[in-house]
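Visitor: The amino acid sequence is not available; the structure is as follows:
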C-alpha cells in the first residue's frame, strides 16, 4: 500500500496544454480592473494631439496613463520602480498588455505628454463621478496645505536681501558722486543727471567711469589740493571695487527679481518654490522650507479640483482656485465651505458677485463667539455704539465720533478697500484714555462698511443650522483627504522640480486618490448585506 504524499505537486518545468491567461489570474473585483475600465472610457485626444508622428512607434498613451495611475494608487512613484513592476507584477503586466517601457519612456510620457493636458483628463473623471452620483460639483469644501518642494532647504534668494543690497549700492554711489562734485563740480555740469533709484547697470557703469575720469584729470593737473594721496587711494579702491562688482551684481539682481515676481523668496534649486513656514518642523525652530501651497476642493471625499500656488497664505488663493475650477468644469459651485484662512473682503465679494452661497469664517470669528476678543480688547471699534441716523459712533465715555473723511487701502493682490474715518471730539482728560487708545491726539477709527456687511452676512450663514453642520463636515472632508495623501501614501514632499512637473505629480496623486475611493465605494456596494435575524421570545 503506497504512502500518501505530504506535499502538493511541485514541478517548475511542467508544460501546460492550455496556458493560463493573465486575465484569469486577476480577481474580478481587483482595483486594477477599475483603472482599466475607466481609462478606456476617457477621451484622450488632448494627449494624442501631442504626438507629431515620425520615427519609431511610441507606446500607446492609454496604456502609459493606466500604468502611471495604477502605480500612484500603489505608492509606486519612481519611473525606475514602475519599469521594474512592469516586468515582475502580474497586475502591471496585464494592464500594459505585456509592454515593457523603460524608465526613460515612462518619465518622458509623464513630463512631456501630460504637461498641459492632465487637468483635462482629471476633469473627465470628475464629471464621470458626478454623473454616476458619487459626488456633487455644486457643493464643495475647500482647504489648503503646504507641501515641501524637491529643493535644497538652505540655498535661497530673499527679496528683502536684494533690496538691501541695491540700497547699499545706491547709497555708496551717491556718496562717490557727491564727493566728485565737491572736488570737480565744473567737470560734471554737462553730465546727465544720475538716477540713483533706478540703478540701471549700464548707467551705473558709466557713472563710475565718469567719476574715475574726473578724479584722474584733477589729480593729473594738480589743480585741486583737496585730493591728498590718502584720499586718492581710498577713492581709487572704492572705484575699482564698484567697477568690478556693481554692474554685474545689479544684472544678477534683475534676473533674480524677474524670477521672483510678486513673491518674497525662492529656492535656487527649484526657482518656482517659495519659502514657507511648515507644520512639519523637525528642528522645532519655525524653519522656512521651499514649498508649494496645494489647494483642494472636495465632495464626498473625492477631489473635484486642485491647484498650486506660490502664496504662503490661503487668502490670495481662493479666487484663482475657483477660476481654475470654472475653466476645467465650465461652472462654479453653488455652495462653498472653507475655514477662516479665506475670510477676506475680496473673497466674500467674489463669492457674492458669482452667487455662491459661502460658509467662510473670518479671522476673528472664534474669538468673537467665545467672547475672548471683547474681554481682551473691550474698546475695539466693533464694540462701539453706532448711530446710523447721524452717521456717528459713540465712544465708551459717551463722546460723539463724527466722520471726517474716507481712506483707500490696497491689499497684496491690488484689491481696493474703502474706509470711513471717524474722530472723537475731545479726548483730553478722559480717565480711560490710556486703555482706549495710544494716540496723543483725539481717537480715530477706520471703518470698512463693505467688509462689515459681508462679515455680518457670513456670520448669519455660519450660525444657521446648515452652517453648523457644514463646518462640522469640513473637518472630515478635506482634512481626511490630506491625511490620506500624506500619511498613507507618503505625499509629503514632491519628487519632481518646477511648477509644471509638480502640477503633473499633483494631478496623478489626485487621480489615484479618486480611483482608490471609487474602488472602496464599489466594494461597499457589492458587499453582502447582513441578514435580519428575528429574535424569538
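Guide: Right, received. Where do you want to start? Keep in mind that what you see is a predicted model, and the values were worked out from it rather than measured. Numbering: from 1, shown residues only.
Visitor: Residue ranges of each domain in this protein, please.
Guide: Domain assignment of the chain by automatic domain parsing yields the ranges 23-137+512-523, 157-266, 276-366+460-500, 372-448.
Visitor: where's the third one relative to the chain centroid, distance-wise?
Guide: I take that to be domain 276-366+460-500. With C-alpha atoms, centre = their mean, to the nearest Å as the basis, domain 276-366+460-500 stands 10 Å off its chain's centre.
Visitor: tell me the mean pLDDT over it?
Guide: Across domain 276-366+460-500, pLDDT averages out at 91.
Visitor: Contacts only, for residue 135.
Guide: Listed by C-beta atoms under 8 Å, 6 or more residues apart in numbering, the contact partners of residue 135 are 126, 129, 299-300, 302, 304. Where you see a C-beta, it was placed from the backbone N, CA and C, and this is true even at glycine.
Visitor: Of those residues, which count as buried by neighbour count?
Guide: Buried residues within those, defined by neighbour count using 16 or more other C-beta atoms under 10 Å: 126, 129, 299, 302, 304.
Visitor: Helices - which of those residues land there?
Guide: Judged by DSSP state H, helices contain the following of the buried ones among the contacts of residue 135: 126, 129.
Visitor: between the buried ones among the contacts of residue 135, which is nearest residue 216?
Guide: For the buried ones among the contacts of residue 135, the closest approach to residue 216 (C-beta to C-beta) belongs to residue 304, at 70.5 Å.
Visitor: one step back: worst average pLDDT in the domains of the chain?
Guide: Looking at the domains of the chain, the weakest mean confidence is domain 157-266, a mean of 79.
Visitor: Looking at the buried ones among the contacts of residue 135, spot the one nearest residue 73.
Guide: residue 302 (14.5 Å).
Visitor: Spatially nearest residue to the closest one (excluding sequence neighbours)?
Guide: Among residues not flanking residue 302 along the chain, residue 135 sits closest, at 4.4 Å (C-beta to C-beta, 6 or more residues apart in numbering).
Visitor: Regarding the chain, what is its longest helix?
Guide: Longest helix in the chain, counting residues (DSSP H): helix 229-260.
Visitor: now the strands for the stretch 351-500 of the chain?
Guide: Assigned by DSSP state E, counting those that start in this stretch, the stretch 351-500 of the chain shows strands spanning 357-360, 385-387, 392-394, 400-410, 416-424, 444-447.
Visitor: tell me which element residue 212 is part of?
Guide: Per DSSP states H and E, residue 212 falls inside helix 201-221.
Visitor: how big is the angle separating that helix from helix 229-260?
Guide: 170 degrees (axes from the mean of the first three to the mean of the last three C-alpha atoms, to 10 degrees).
Visitor: Buried residues in helix 201-221, which are they?
Guide: Using 16+ other C-beta under 10 Å as the test for burial, helix 201-221 gives 201, 203-205, 207-208, 210-212, 214-215, 218-219.
Visitor: now for that helix, which elements pack on it?
Guide: helix 159-184, helix 229-260 (3 or more C-beta pairs under 8 Å, 6 or more residues apart in numbering; DSSP states H and E).
Visitor: Which of these sits closest to residue 147?
Guide: Among the helices and strands packed on helix 201-221, if distance is taken as C-beta to C-beta, the winner is helix 229-260, at 20.2 Å.
Visitor: how many other residues sit next to residue 178?
Guide: For residue 178, the count of nearby residues is 9 (other C-beta atoms under 10 Å).
Visitor: separation between it and residue 280?
Guide: Distance of residue 178 to residue 280, computed by C-beta to C-beta, to the nearest Å: 52 Å.
Visitor: hmm, back to that, does the residue nearest to residue 302 sit in a helix, a strand or a coil?
Guide: Following DSSP: H, G, I helix; E, B strand; the rest coil, residue 135 is assigned to coil.
Visitor: I'd like to know how many residues surround residue 430.
Guide: The number of residues packed near residue 430 is 18, by other C-beta under 10 Å.
Visitor: show me what contacts it?
Guide: The contact partners of residue 430, by C-beta under 8 Å, 6+ apart, come to 397, 399, 436.
Visitor: on that earlier part again, any chance of JSON lines for the domains of the chain, columns distance to residue 148?
Guide: Compiled in JSON lines, the domains of the chain are given as follows (distance: least, C-beta to C-beta, whole Å):
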{"stretch": "domain 23-137+512-523", "distance to residue 148": "15"}
{"stretch": "domain 157-266", "distance to residue 148": "14"}
{"stretch": "domain 276-366+460-500", "distance to residue 148": "4"}
{"stretch": "domain 372-448", "distance to residue 148": "23"}
